[in-house]
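Engineer: I'd like to go over a predicted model; first the sequence, then the structure.
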Amino acid sequence: RVMEYLSAGKQGGAFLIGLTATPWRPDETDIAAIFGDPLVSIDMVYGLQNGFLTNVDYRMYTSNINWDALRDPRHQGRTYSPKQLNRTLFIEEWDDAVVYALRDAWKEQPNPRAIVFCGTIDHALAMRDKINLLGFCKAAAIYSGAQGGAEPLNGFKRNLILSDFADGRINVICAVDIFNEGIDVPDVNILVFQRVTHSRRIFIQQLGRGLRIADDKSKVIVLDFVSDVRRFA
């Protein structure tokens, strides 16, 4: 409606340019119908090949999940939603293994800084506590809303955690949904996937949190404990 009002892109109207980092639209909107076919397309592969993004050291840890077998037994033929899968897959023993793998990767990176993508608020809090218990770094959980007995995080508390993370006073962020986009911390050099998405768009956004180039950063180490390879498309 705004573009129609401004006659954007039309004779005598406002200049129109479209830019997007997420061409795979969750709302299934055809942006080409609005802006026309892309004149330039610079994807992640191009960015990696030309040095605009850092190298990726990708490590999968759970290639034995049978996704087709993960169906809700109460509904014949109905699969679990990502939220249900996140509550089902990540048990305490698995979380312990994740923390130990993170500790090992921590020793490989200069000035390590990590984001752990978690499935639920309770899961993020549990991962934060497990990481802090080992004592190799300082972790914090960041999320919006509240769940179970979790203390709500208002905007001030979230901004304080983000500030401490950017300044290095906090080394690891255990995040729930809130770090998929809109955050730029180039120093992040370790990512941990512990969240089922089934979404190529979300996966690319999360991976992008570690692809920024920075001084003394030669690569990002990705620890994938979900390995739902369908999202690689």
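Structural biologist: Structure received. Numbers count the residues shown, from 1 in each chain.
Engineer: Could you check which helix or strand contains the most centrally placed residue in the chain?
Structural biologist: With distances taken as CA atoms, centre = their mean, Q206 lies nearest the centre of the chain, 2.4 Å away. Using DSSP states H and E, the element containing Q206 is helix 200-208.
Engineer: Restrict that helix to CA atoms and write it as CSV.
Structural biologist: Taking Å, rounded to 0.1, in the frame of the first residue of the first chain, the C-alpha atoms of helix 200-208 are listed here in CSV:
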residue,chain,number,x,y,z
ARG,A,200,16.6,-23.4,5.7
ARG,A,201,16.0,-19.7,6.4
ILE,A,202,16.6,-20.0,10.2
PHE,A,203,19.6,-22.3,9.7
ILE,A,204,21.2,-19.8,7.3
GLN,A,205,20.5,-16.9,9.7
GLN,A,206,21.9,-18.8,12.7
LEU,A,207,25.0,-19.9,10.8
GLY,A,208,25.5,-16.2,9.7
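Engineer: residue boundaries of the helices in this protein?
Structural biologist: Secondary structure of the chain (DSSP state H): helices located at 2-6, 32-35, 44-49, 82-89, 92-106, 121-134, 155-167, 200-208.
Engineer: Reformat the ones you listed as JSON lines; add mean pLDDT and distance to T20.
Structural biologist: C-beta here means a position set from N, CA and C on the backbone, and glycine is covered the same way. Listed next are those as JSON lines, based on pLDDT from 0 to 100; distance: least, CB to CB, whole Å:
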{"stretch": "helix 2-6", "mean pLDDT": "90", "distance to T20": "15"}
{"stretch": "helix 32-35", "mean pLDDT": "82", "distance to T20": "9"}
{"stretch": "helix 44-49", "mean pLDDT": "88", "distance to T20": "14"}
{"stretch": "helix 82-89", "mean pLDDT": "58", "distance to T20": "23"}
{"stretch": "helix 92-106", "mean pLDDT": "86", "distance to T20": "32"}
{"stretch": "helix 121-134", "mean pLDDT": "92", "distance to T20": "29"}
{"stretch": "helix 155-167", "mean pLDDT": "88", "distance to T20": "25"}
{"stretch": "helix 200-208", "mean pLDDT": "82", "distance to T20": "11"}
